[in-house]
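**Q** Give me a model of this one.
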Amino acid sequence: MTSKREIWIDYIKVIACVLVVLGHFFQSMVKAEILPDNNLYQWFNITIYYFHVPLFFICSGYLYQKYSCVRDFASWKDNVLKKAVALGIPYFVFSFATWALKTVFSGEVNNHINGLGYTLFIQPTSPYWYLYVLFFVFVVVPTIKTKREIVVITVIALLGKVLSMISGGYCVLQIYAISALLSNLIWFVIGMAIAFGNFQKIVSRTAGVILGTFFVITSLFVWKFENVILSFLMGIMACAAVFMIIAKCKAIKFLDRFAKYTFPIFLMHTLFAAPCRVILLKMEISSSLVHTVLGIAISFVGPVIAMIVLTKIKLDFLVYPMKVLRKKEYNG
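**A** Predicted structure coming up:
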């Protein structure tokens with residue numbers, strides 16, 4: 001294990017975060033009928049969903065394998081407890097905030113939301129389902145030590161993916177925690193495999209650009225086909241291209257600053273974008289250009305300002321609970 005920060009992983013999370021924000025923003029704009037539901041929107045929305053959240057899972061798997069050692073019950077218990085705090089506090093806080101917003105303004109937001117208990121424990125809302133599923137991944141996956149182990153865990157994850165694709169009416173697989181875990185485990189394991197190998201030394205940025213170009217061209221022809229196998233293969237292609245292009249990336253100051261706020265933006269972008277849209281509509285401003293410019297701007301700037309304020313008033317533990325706890329342990 002090493003303590004050296006790997007900026008290229010941060011940059012990949014930046015890319016994933018930007019795509020998640022844009023995906024949610026344009027979905028809300030189309031549902032509100034501010035932007036048209038045309039082929040360009042459909043292509044963009046479907047194409048980014050092939051790979052933007054898988055990128056997050058791959059990064060999490062990479063960091064888990066690279067910086068953790070979970071090989072026995074004691075280390076497993078410690079890791080699960082830490083993840084319950086690190087993921088649980090922001091999950092519950094911001095899931096509740098989203099639930100409250102959609103409940104209070106149910107007539108003015110686009111998506112219906114279920115009861116609080118159902119939303120928190122049974123069917124998490126977007127984008128917080130990622131934290132929900134990621135916790136269960138940490139519960140079931142140990143770190144690996146040998147090539148044989150990575151082969152075994154990859155085969156298991158692939159079987160889980162196949163099972164999720166063909167689950168049909170099997171009731172146990174209709175439980176969200178199980179179906180989402182089976183569907184997304186493979187991405188996390190891919191990240192672990194990348195960390196286990198010598199990825200950065202063997203990849204070629206040129207090959208990544210070629211693969212990425214091929215992905216974009218292919219996406220123009222396949223986006224209308226709703227096929228889970230095709231979607232998975234497109235996701236593999238896109239994720240591989242992104243990792244190959246970014247793996248040897250040198251430090252970029254702008255991205256370094258952005259990377260500091262990736263998680264807050266992920267957590268809070270919808271909490272700023274939706275009220276912005278409601279306020280503009282209340283003011284009878286229906287211009288798609290105004291909604292788009294202000295909506296995208298507040299989706300990124302709002303969470304950054306909120307994070308700065310939370311830090312100033314000592315509430316940053318709502319976003320980074322483990323970081324705050326580690327500071328207290330160090331000072332205590």
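
**Q** Tally up the residues packed near Thr146, please.
**A** 9 (other CB atoms under 10 Å). Using the backbone N, CA and C atoms, a C-beta is placed for each residue, glycine as well.

**Q** go on, Ala251?
**A** 10.

**Q** Could you do Ile305 as well?
**A** Neighbours around Ile305, by other CB under 10 Å: 14.

**Q** and it, helix, strand or coil?
**A** At Ile305, secondary structure determined by DSSP: H, G, I helix; E, B strand; the rest coil is helix.

**Q** Sort out which residues of stretch 152-162 are buried, please.
**A** Across stretch 152-162, burial judged by 16 or more other CB atoms under 10 Å covers Ile153, Thr154, Ala157, Gly160, Lys161.

**Q** same question but for stretch 237-249, I mixed them up
**A** Quick answer for stretch 237-249 (16+ other CB under 10 Å): Met237, Ala238, Cys239, Ala240, Ala241, Val242, Phe243, Met244, Ile245, Ile246, Ala247.

**Q** Pull up the gap between Cys69 and Pro264, please.
**A** Using CB to CB, to the nearest Å, Cys69 is found at 29 Å from Pro264.

**Q** where's Thr218, which helix or strand?
**A** helix 205-222 (DSSP states H and E).

**Q** Which is the succeeding secondary structure element to that helix?
**A** From helix 205-222, the next helix or strand downstream (DSSP H and E) is helix 228-246.

**Q** Now that following helix - C-alpha only, CSV.
**A** The C-alpha trace of helix 228-246 is given here as CSV (Å, rounded to 0.1, in the frame of the first residue of the first chain):
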residue,chain,number,x,y,z
VAL,A,228,-28.4,-4.8,-21.5
ILE,A,229,-25.5,-6.7,-23.0
LEU,A,230,-24.8,-4.0,-25.5
SER,A,231,-25.0,-1.4,-22.8
PHE,A,232,-22.5,-3.3,-20.7
LEU,A,233,-20.1,-3.7,-23.6
MET,A,234,-20.4,0.0,-24.4
GLY,A,235,-19.7,0.9,-20.8
ILE,A,236,-16.6,-1.3,-20.8
MET,A,237,-15.3,0.4,-23.9
ALA,A,238,-16.0,3.9,-22.6
CYS,A,239,-14.5,3.3,-19.2
ALA,A,240,-11.4,1.7,-20.7
ALA,A,241,-10.9,4.8,-23.0
VAL,A,242,-11.3,7.2,-20.2
PHE,A,243,-8.8,5.4,-18.0
MET,A,244,-6.3,5.0,-20.8
ILE,A,245,-6.5,8.7,-21.7
ILE,A,246,-6.3,10.0,-18.1
